[in-house]
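>>> predicted model and sequence below, questions to follow.
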Amino acid sequence: MITTLATKEATQLIDGPAGKLEIAVSEPTGESRPAWGIVCHPHPLFGGTMHNKIVTTLSKTFQGLGLSTVRFNFRGVMRSEGKFDNGEGELDDLLAVIDWVQRERVKNEIWLAGFSFGAYIAAKAATQIPVNKLVTVAPPVQHFPMQQLPPITCTWVLVQGELDDVVPAKEVLTWAESRNPPPIIIRFPKAGHYFHGELVELRTRIEEALGRVD
């Protein structure tokens, strides 16, 4: 169930591999659980920031499930230092954020989510470090080497709009269905890349999917 309680958020700078990283930390709105949700934003060179509406929706979804959350700006975005590194340095940025939250609360679970380019970064991280749950929205399988990713063994929810004009839906769904183990696939038949008019439903359906496997 979606809660409408206000969320307290604090923005700060932490040390990253290419300089300072700007992060926004929010408290859970649902019954608290020992887990951090970290959300990755879309492509930095095409206007992607941690303030993207799908990124904030994913963050609120995690908060409603009882997680403390972190959104952050990849290197070179807004107050984060450095410059775009085609997915390599951005993975290092995410790993630096994960290191930071693990120092804050050592035994907490890590849940990852990402939209578009951020979905690629989150998925890549989930193949390299222990992650409890992963949510990928419109992963860019045709633009980045996602075919080469090792198996993703954590609970994984993949969301795809079938009218996506940025990430080809057919290719995403074919790729997802070929994975072993496969993700939980949520299809939005009438949604484009940015899920206009579908954000409440996006949150509800992800929350339900994660709740079923909790």
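In hand now; what should we look at? Numbers count the residues shown, from 1 in each chain.
>>> if you count neighbours, what's buried in stretch 134-144?
Buried residues in stretch 134-144, defined by neighbour count with 16 or more other CB atoms under 10 Å: 134, 135, 136, 137, 138, 139, 140, 141, 144. (Each C-beta comes from the backbone N, C-alpha and C, glycine too.)
>>> tell me the buried residues in the longest helix seen in the chain?
Ordering each helix of the chain by length in residues (DSSP state H) puts helix 88-104 first. Burial within helix 88-104, assessed by neighbour count using 16+ other CB under 10 Å, is assigned to 89, 90, 91, 92, 93, 94, 95, 96, 97, 98, 100, 101.
>>> same thing with stretch 44-55?
Residues of stretch 44-55 classed as buried: 44, 48, 49, 50, 52, 54, 55 (neighbour count, 16+ other CB under 10 Å).
>>> surely the fourth one is in contact with residue 79?
No - in this structure residue 50 lies outside contact range of residue 79 using CB atoms under 8 Å: 10.3 Å.
>>> find the residues that touch each one of the two.
22, 73 (CB atoms under 8 Å, 6 or more residues apart in numbering).
>>> returning to what we had before: now the longest helix of the chain, how far from the centre of its chain.
How far helix 88-104 lies from its chain's middle: 13 Å, per CA atoms, centre = their mean, to the nearest Å.
>>> which other helices and strands contact it?
In terms of contacts (3 or more CB pairs under 8 Å, 6 or more residues apart in numbering; DSSP states H and E), helix 88-104 is packed against strand 9-16, strand 19-26, strand 35-40, strand 68-72, strand 109-115, helix 117-126.
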